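Engineer: starting from these lines, generate the structure:
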Amino acid sequence: MSDAHGSLAEARERLEELTDSRGRLAEALDVGDLSYRTGIPAGTVAALLAGGDVPESALGARVRQRLDFVRETRRRPDGKRYSLDELARIAGTSRQWLSEWRTHGLPSLEHADRLRRHFDLPAGFFTADDAEALHAALQPVLRELEAKADPLAPLRTPGFYRLARRAPHMSPRKLQALAEWAEMVTERSASGDDDL
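Structural biologist: Here you go, the predicted structure:
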């Protein structure tokens, strides 16, 4: 098992805990959005979320698949699909070279990076293996779910613990300032949407 598969397994296990969906993670998460963000076909995303093994494609095949995926899923501002000429211009190359990449070649790093930046794709979009790409896409989902499960976690930091331990030794002026700061942080917002 590669490091990427091990990391993905750990993230999958934690997500299953947070969503209470053992063995049904694909039902709890937005597979279509994960596919869109990674360039991985939705069926492969679902299989990886279920803990399945998917055959790893060669780098060239992966780059070509993701280039075609971008062409199919990213649209121009008018809603139409980008032409090969337009993609070639974005990449800073010719249509002939782009066609060559799509059939059996690999783009230069510079040209692939131009496409990646233009479409606001994550680093490694064209080259990351499926497990690696999915693991990276799951990180913001994991952070959001962990924040919802334990909203006070940011307060359990070494800095806050040091501050609490120092409180008994603070001057009355500093203790008053700390109390005012705590009151400001914990007072109910005007909209009433927090429960602190």
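
Engineer: how distant is stretch 81-97 from the center of its chain?
Structural biologist: Distance of stretch 81-97 from its chain centroid, counting by C-alpha atoms, centre = their mean, to the nearest Å, is 27 Å.

Engineer: ok, and for that stretch, which residues are buried?
Structural biologist: 82, 87-91, 93, 97 (16 or more other C-beta atoms under 10 Å). All C-beta spots, glycine's among them, are computed from the backbone N, C-alpha and C.

Engineer: one more: stretch 148-156?
Structural biologist: Applying 16+ other C-beta under 10 Å to stretch 148-156 flags no residue as buried.

Engineer: distance between the ends of that stretch?
Structural biologist: 15 Å (C-alpha to C-alpha, to the nearest Å).

Engineer: number of residues surrounding residue 115?
Structural biologist: When neighbours are defined as other C-beta atoms under 10 Å, residue 115 has 24 of them.

Engineer: likewise for residue 107?
Structural biologist: Neighbours of residue 107 (other C-beta under 10 Å): 21.

Engineer: quick check: residue 95 vs residue 89, distance?
Structural biologist: 9 Å (C-beta to C-beta, to the nearest Å).

Engineer: narrow the buried residues of stretch 81-97 to those in helices?
Structural biologist: 87-91, 97 (DSSP state H).

Engineer: now for those: which two are most distant?
Structural biologist: 90 and 97 (12.7 Å; C-beta to C-beta).

Engineer: top helix in this protein by residue count?
Structural biologist: helix 130-149.

Engineer: mean confidence score for that helix?
Structural biologist: The average pLDDT within helix 130-149 is 93.

Engineer: check which helices and strands it is in contact with.
Structural biologist: Helices and strands touching helix 130-149, by 3 or more C-beta pairs under 8 Å, 6 or more residues apart in numbering; DSSP states H and E, are helix 3-19, helix 31-38, helix 42-49.

Engineer: other SSEs contacting the helix or strand bottoming out on mean pLDDT in the chain?
Structural biologist: None of the helices or strands of the chain scores lower by mean pLDDT, DSSP states H and E than helix 158-166, at a mean of 78. With contacts defined as 3+ C-beta pairs under 8 Å, 6+ apart, helix 158-166 has no helix or strand neighbours.

Engineer: what does it contact?
Structural biologist: Helix 158-166 is contacted by residues residue 178 when judged by C-beta atoms under 8 Å, 6 or more residues apart in numbering.

Engineer: next one: that helix to chain centre, how far?
Structural biologist: 32 Å.

Engineer: next one: stretch 166-175
Structural biologist: Worked out by C-alpha atoms, centre = their mean, stretch 166-175 lies 42 Å from the chain centre.

Engineer: cool, and stretch 89-101?
Structural biologist: 28 Å.

Engineer: on that earlier part again, next, format the buried residues of stretch 81-97 as TSV and append pLDDT and distance to residue 24.
Structural biologist: Shown next, in TSV, are the buried residues of stretch 81-97 (pLDDT from 0 to 100; distance: C-beta to C-beta, whole Å):
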residue	pLDDT	distance to residue 24
82	93	36
87	93	38
88	93	43
89	95	44
90	95	39
91	93	40
93	92	44
97	88	44
